[in-house]
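Novice: Sharing a model prediction with you, sequence too.
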Amino acid sequence: MENMFALLSKWPLVRQIRERKDGTGIESMSAKTRAMHARIDDAKVARSICPYCGVGCGQVIYHKEGKLISIEGDPESPISQGNLCPKGAASYQLLTHSRRETKMKYRAPRAKEWTEMSLERAMDMVAERIWESRKRTFVHKKDGATINHTTAICHLGGATLDNEENYLIKKLFTGGLGMVCVSNQARI
Amino acid sequence: MPGLGTSFGRGGATTAQQDLANADCILIEGSSMAEAHPVGFRWVMKAKERGATIIHVDPRFSRTSALADIWAPIRAGTDIVFLGGLIRHLIEHNLYFHEYVVHYTNASCILSDEYGDPEDSGDGYFSGWNAEKRAYEGDSWVYKGGDLSRPERDLTLQDPQCVFQKLKRHFSRYTPEMVEKICGIPPDLFHKIAHCLAAASGPERTAAVCYAVGWTQHSKGVQIIRTAAILQLLLGNIGRPGGGILALRGHASIQGSTDIPTLYDILPGYLTMPRKGDETLQKYLDNYTKKTGLWSNYPKYLVSTLKAYYGKSATLENDFGYGFLPKLTGNHSFFEFLYDMLDGKMEGMFLMGQNPVVGAPNGRLQRKALSKLKWLVVRELVEIESANFWRESPEVERGELKTEDIETEIFFFPAAGHAEKEGAFTNTQRLLQWREKAVDPPGDCRSEAWFIHQLALRLIAKAKASDDPLDEPLRALDWWYPEDHLGDPKMEAVLAEINGWYTNPVATGADRGAGDGVLFGGIDRQGNPHHGPQVNGFAELKADGSTASGAWIYSGVFGRDGVNRANARKSRDYLGHGWGFSWPSDRRIIYNRASARPDGRPWSERKKLIWWDSEKWTGLDVAGFVQGKAPDYEPEVGAEGLDAIPGDAPFILHEDGLGWIYVPKGLKDGPFPTHYEPLESPVSNELYSRDTNPPELWFPRSKNRFAPPGDSRFPFVLTTYRLTEHHTAGGMSRFLSHLAELQPEMFAEISPELARELKTRNGDYVCIVTLRGAIEARALVSRRTRPLHLNGRTLHQVALPYHYGTAGLVRGSAANDLLSISGEPNVTIMEAKACTCNIVPGRLPRGRAFAEFLNKYAPQTGPVVLHPEEPQRDVMAGGGGHAMEGKE
């Protein structure tokens, strides 16, 4: 008899009558369901901005233990109010897709394939290339006037970079190295 | 953006996207905003919900047109005629905002008797044309007496020499009939639009204009924007809620990359790069400092920039290191140095987040140029076409280039993405928004900041070990930045330098200044005290070396309280104060003195923004005016600086404080906008005997030829555009499965009428051919493009998305292979939005058969110069000068 009672009390209908629930709330969930939670629940949050066009939609980036979890529109942005377009909504994939390059690659003159190279070595080599090209092509004076520039090393790009990065590029390339051929996608 | 800069003072959008919701009418032209800036377009829709009329003028019926109240199809490259027609309409019918125009613009200013208008001669030239130099001498364009600060004015606007009368005459032939003849817009549609705009003008109402590269990428792009500026000044829409001109910019930080430029001809904050001949600091400052208006502070901004660059090495004795800055000797913009690359004069190149092989005009020349470099550094997320041109380009496939012959040494550095580094983008409305870093980048991926910083440390070490005088600027460079665990410079340290500080060092020892305004303890890499407290705004900057500021216009973003305002995330009002930092001085709508009447009261309750409260300017935005300057303030004779700007002159960057309907100084192709045909056009200019913009830079070369007007081999107009699902040259979209699946293939939009003519059906392959190249695409036949009727002639337009290339998940021909390299005279932008082409049904031949095909439809031999207005010489000697612009 006690067994029967125990069995009956497991019957959801009886449980719901006893607990005065209508069966549409949490009482209808299994223990497994109840233990489930959103993957962003205990994630850290970084406030960010979409990297695509110039609208500047707000993004909320969820991450945990150094891994991205998801990127969503920021509802508090006065511009985008939580919305993202197809590109902005794909920006999680932009950072995590399998075609993304994560290794330094080097192509020697006339080579048919890339070879791998350490970042340190590549940085040393690039510093060496720029040093030599600059020494070879630097012009101190033209028509008697001081110009102190080189037109044989150039830079292209900037509209997708941060302001601080553009600042450092111009400071080093133009202010330090005398490169005048510096350009990007923008036309003022 | 000299179009906006010369008209109003600052090269940036005048308003905020959210403010579009307040407009009573919105004209979108040169942009498909719903597709290219979809989330910004929500504010257009908000305006529509509130009853605004939305007008879309565009060659192509897009989703923007579908949501607009009025769509007017237009022939690509004729916008000045349409906008000029509207200007004429407003003047003829006395529909302009009279009080605004009289007080706030230079309509009343008297011009010199020497000024000659294209209407005088009918040939399309202003006075001062020097045919030999292919350049204007602008001396005759200035105001009578030559004084820009205190021009003579006639407030009745009746003097025949006043700007208003000159404007009236200049556009007198831009009639509705002429608009139909040139643009293909029928008069009834023109009148409907003119009525809507005129109805949204006055104290109670405003209209806004939105544009994108559909206006800028033309041989007269700056002048198209100028025409819109004149229109908006006549309607009284600048500096007011629901008004303004919103330049819709296509990259996350393209505004930022002009404000803090990676461009050759300016320094941060739109300071001019010194040129050969600007020998000393004094000479340079004399050349660029204005006597009146905000630019009278030029020395303060420039010296503060030098102090930010060279720190302690910039002293009063050495002209604050002015001599360390290189001097320009000509046009060093991308196309000029591209030709140097082709000629083997360029040794090395850095490519950071740009894919010119797909994104820049004349792709075949772009690829060839890269193959002539000694070394190339590419920093990207994926292996873009500009990184693998040596093995996967169409030229390699066709046997025109051989991998084993290409000498270029290539360093491919994988880049960090936007969530893997911190820093600020400046969006389309001048808003700096900070991104917090979420995670470290994977593998070898690093930020551009890391790359530049690590390169700088290596180069500065080499310079310090050398005694070569040419390394002096490197030795002087102030590279003090503290690092994080990856070796990235701390970006808030860079932001603090951009904002500016007092140079007298105050070492606090604390990692982050606690209320004393000195970040990171004010300690440099050697542990020495480095700088003092941050300044609160550019008003604190000095010309004596006591302040440094890397970009004066951003000053205030990171003030003495140590609060990074770019990272502020609590928006308090509809303009978004409390969210990000809008330069200048967190002003959301610039020139906002114009939102009040000359006497300081709001124009109306409905359109109030800032007003005079009998002691100061106050209201809903940060006032763009001297706080305590009364509306009735009259400057004394001989007043200088901001003191010379009267209390009712809102455009304080101009010497006269006025909005410039007429640009007396600062443009290379004329003080008023004038219609010229695109460099390649199916028709001749109906208005003047000159077809093309006179000082245009053509970049003539055998692989960069232009078809003459009406060339029957190229009967169709070609224009290019963006898809919602792809981004620019595709590096951030074609490699992603979600986006690739949504837009999987290159196509060409043509009308059913043209398809019938070509005997082509929807989905068939067609080849599009110009003198520069040939590509293939699927025909997308729809009513979205329609034949235009000009002068009784039917004209077909073809529209191509430009995102595709040979790498990534979805591949296709690059539309830019068809375009020419050319340079608008003021900014050297190419004419990407209007040229002529032919269409040949069928597939594009592969391999060596391609050359035969191209030669058949676009002969690749023969004279280089085919257009009668193109300069005759091919290549000029020496670096630069490829465009044959007026030599300095």
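Specialist: Noted; the coordinates are in hand.
Novice: what about the chain, any weak spots by pLDDT?
Specialist: In the absence of a named chain, chain A is used. Applying pLDDT under 70 to chain A picks out residues A:1, A:188.
Novice: To clarify, I was referring to chain B.
Specialist: Along chain B, segments meeting pLDDT under 70 span B:507-517, B:873-881, B:884-888.
Novice: do that again at 90, thanks
Specialist: B:1-2, B:121-122, B:505-529, B:791-792, B:872-888 (pLDDT under 90).
Novice: Can you tell me what sits against the longest helix along it?
Specialist: As assigned by DSSP state H, the longest helix anywhere in chain B is helix B:448-464. Helix B:448-464 has contacts (CB atoms under 8 Å, 6 or more residues apart in numbering or on different chains) with A:123-124, A:126-127, A:130-131, A:161-162, A:164-165, A:168-169, A:172, A:176-177, B:352-353, B:379, B:413, B:415-416, B:421, B:423, B:471, B:474-475, B:477, B:479, B:481, B:483, B:486-489, B:491, B:494. In short, each C-beta sits where N, CA and C put it, glycine included.
Novice: next one: stretch B:158-173
Specialist: B:84-85, B:87-88, B:91, B:101, B:105-111, B:113, B:115, B:117-119, B:144, B:153-154, B:157, B:230, B:661-662, B:672, B:674, B:687.
Novice: Those in helices, which ones?
Specialist: The members of the contacts of stretch B:158-173 that map onto helices under DSSP H are B:G84, B:G85, B:I87, B:R88, B:I91, B:V101, B:P118, B:E119, B:I230.
Novice: out of those, who's nearest B:S140?
Specialist: Closest approach between the ones in helices among the contacts of stretch B:158-173 and B:S140, by CB to CB: B:P118, at 13.2 Å.
Novice: Pretty sure that closest one sits against B:S127.
Specialist: No - applying CB atoms under 8 Å as the test, B:P118 and B:S127 come out as separate, 9.5 Å apart.
Novice: I'd like to know which of the contacts of stretch B:158-173 are buried.
Specialist: Those of those that meet the buried threshold are B:84-85, B:87-88, B:91, B:101, B:105-111, B:115, B:117-119, B:144, B:153-154, B:157, B:230, B:661-662, B:672, B:674, B:687, by 16 or more other CB atoms under 10 Å in any protein chain shown.
Novice: buried stuff in stretch A:51-61?
Specialist: Across stretch A:51-61, burial judged by 16+ other CB under 10 Å covers A:P51, A:Y52, A:C53, A:G54, A:V55, A:G56, A:C57, A:G58, A:Q59, A:V60, A:I61.
Novice: Near chain B, list only the ones from those.
Specialist: By CB under 8 Å from any CB of the partner chain, the members of these lying near chain B are A:P51, A:Y52, A:C53, A:G54, A:V55, A:G56, A:C57, A:G58, A:I61.
Novice: Surely B:F337 is within a helix?
Specialist: Yes - assignment of B:F337 by DSSP: H, G, I helix; E, B strand; the rest coil places it within a helix.
Novice: For it, give its distance to A:M179.
Specialist: 10 Å (CB to CB, to the nearest Å).
Novice: Next, show the common contact partners of these two.
Specialist: Residues touching both B:F337 and A:M179 (CB under 8 Å, 6+ apart): A:C154.
Novice: How about residues contacting the longest helix anywhere in chain A?
Specialist: Using DSSP H, we find that the single longest helix of chain A is helix A:119-137. Contact with helix A:119-137 is made by A:104, A:106, A:150-153, A:177-178, B:347-348, B:374-375, B:377, B:409, B:411, B:413, B:444, B:446, B:451, B:454-455, B:458-459, B:462, B:468, B:470, as judged by CB under 8 Å, 6+ apart.
Novice: which among the residues you listed end up buried?
Specialist: For the contacts of helix A:119-137, a burial check counting by 16+ other CB under 10 Å picks out A:104, A:106, A:150-153, A:177-178, B:347-348, B:374-375, B:377, B:409, B:411, B:413, B:444, B:446, B:451, B:454-455, B:458-459, B:462, B:470.
Novice: Sort out for me which of the residues you listed are in strands.
Specialist: The members of these that map onto strands under DSSP state E are A:Y106, A:T150, A:T151, A:A152, A:I153, B:G348, B:W375, B:V377, B:E409, B:F411, B:F413.
Novice: I'd like those as a markdown table, with distance to B:F706 appended.
Specialist: Shown next, in a markdown table, are those (distance: CB to CB, whole Å):
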| residue | distance to B:F706 |
| --- | --- |
| A:Y106 | 40 |
| A:T150 | 32 |
| A:T151 | 26 |
| A:A152 | 29 |
| A:I153 | 31 |
| B:G348 | 31 |
| B:W375 | 33 |
| B:V377 | 33 |
| B:E409 | 35 |
| B:F411 | 36 |
| B:F413 | 37 |
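Novice: Identify the farthest-apart pair in the residues you listed.
Specialist: A:Y106 and A:T151 (26.2 Å).
Novice: Would you map the helices across chain A?
Specialist: According to DSSP H, the helices that chain A contains are A:2-10, A:12-18, A:31-35, A:86-89, A:91-96, A:119-137, A:163-170.
Novice: just checking, what packs against the shortest one?
Specialist: Of the remaining helices and strands, those touching helix A:86-89 by 3 or more CB pairs under 8 Å, 6 or more residues apart in numbering or on different chains; DSSP states H and E are helix B:737-742.
Novice: Starting from the helix it packs on, tell me the next helix or strand along the chain.
Specialist: Sequence order places strand B:747-750 as the next helix or strand after helix B:737-742, per DSSP states H and E.
Novice: Need the residues that contact that following strand.
Specialist: B:60, B:758, B:760, B:766, B:768, B:777-782, B:784-785, B:796, B:798-801, B:839.
Novice: ditto for stretch B:248-257
Specialist: Counting by CB under 8 Å, 6+ apart, A:49-56, A:158-163, A:166, A:184-186, B:12-13, B:31, B:33, B:36-37, B:40, B:210-213, B:263, B:418, B:424-428, B:430, B:432, B:722, B:728 sit against stretch B:248-257.
Novice: Pull out the buried positions in that stretch.
Specialist: Result for stretch B:248-257 [16+ other CB under 10 Å]: buried residues B:L248, B:R249, B:G250, B:H251, B:A252, B:S253, B:I254, B:Q255, B:G256, B:S257.
Novice: Kindly report the same for stretch B:852-859.
Specialist: B:F853, B:L854, B:Y857, B:A858.
Novice: Counting neighbours, what do you get for residue 17?
Specialist: You didn't pick a chain, so chain A it is. 11 (other CB atoms under 10 Å in any protein chain shown).
Novice: ah, I was thinking of chain B
Specialist: By the criterion of other CB under 10 Å, B:Q17 has 29 neighbours.
Novice: Hmm, it is touching B:G244, no?
Specialist: No - contact criterion CB under 8 Å: B:Q17 and B:G244 do not qualify, at 10.4 Å.
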